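Peer 1: Sequence and predicted model, in that order:
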Amino acid sequence: MAVCQDWVRVDDVQAGGVTLHMESNELISDLIKIGIPSVVALAGTISSLLLALWGNKQSTLIAKLQHHHNQEIERNNRTGELAKICAADLSKLHNHFISFCTVFFAKIDTIVCNDPWPETEQELINYRYQEALLSLSNHAAIKSYITLLGNKELTRTHQIYLNFVSEIISAYSESGDMDANIFEKLVDQSNHAHAQLTKQISDIYLLK
């Protein structure tokens, strides 16, 4: 009887083991059934978050690029406006300067020929001189605009031009006369410098 009981116990144990094995399989199956959707859902959530983050980064980058583009447009517009102002004022100064030089050269030539200089012509040259001097004085503000354009070659040419103009105007204010050869040379150099300035400013304006 003891032996039979032992066999019964073994069978019970085996049966219990089979039951536990089946329950374990069912548990694993249930976990798989529950786990896979959860993993899929988690993966979907993570993907959504990553996409959202990527989209946010893209939006931020686009906003930065647009802001930079707008700044460039605004900067170019300001540069273009400065170039136009400089060109207009430079043209005004040069016109007044050449008008003065025309009458001044007539006086120089008259003095060289030992001819009398008419009083009416003296009034005209004084008027043209004051006009050129005023334009030169007002042009001082344009010098800062030229600097703001940020072109070293333009700044250098502008200063050379002003030196030529100032030398002729100063000669008249000091003595009312000037050597004809020196005068002609300075006028030619000022015209050349003015042509260079016009081209340099035009290049800046067209690029912007």
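Peer 2: That came through, no problem.

Peer 1: Check the burial of Glu167 by counting its neighbours.
Peer 2: Glu167: 15 surrounding residues under other CB atoms under 10 Å. Any C-beta I mention is one placed from the backbone N, CA and C, and that applies to glycine too.

Peer 1: Oops, could you answer that again for Asp109 instead?
Peer 2: Neighbours around Asp109, by other CB under 10 Å: 12.

Peer 1: Identify the residue nearest it in space, chain neighbours excluded?
Peer 2: Leaving aside its sequence neighbours, Asp109 sits nearest to Ala180 (CB to CB, 6 or more residues apart in numbering; 6.9 Å).

Peer 1: For the chain, which segments count as helices?
Peer 2: 2-112, 119-138, 140-148, 152-175, 180-207 (DSSP state H).

Peer 1: Confidence-wise, which of those is weakest overall?
Peer 2: For the helices of the chain, mean pLDDT drops lowest on helix 2-112, to a mean of 66.

Peer 1: on that earlier part again, how many residues are close by the residue nearest to Asp109?
Peer 2: Count around Ala180 with other CB under 10 Å applied: 13.

Peer 1: Ile85 now?
Peer 2: Using other CB under 10 Å, Ile85 has 14 other residues around it.

Peer 1: these two touch, right, it and Ser144?
Peer 2: No - between Ile85 and Ser144 there is no contact under CB atoms under 8 Å: 11.0 Å.

Peer 1: contacting residues for Ser166?
Peer 2: Ser166 sits next to Leu136 when contact means CB atoms under 8 Å, 6 or more residues apart in numbering.
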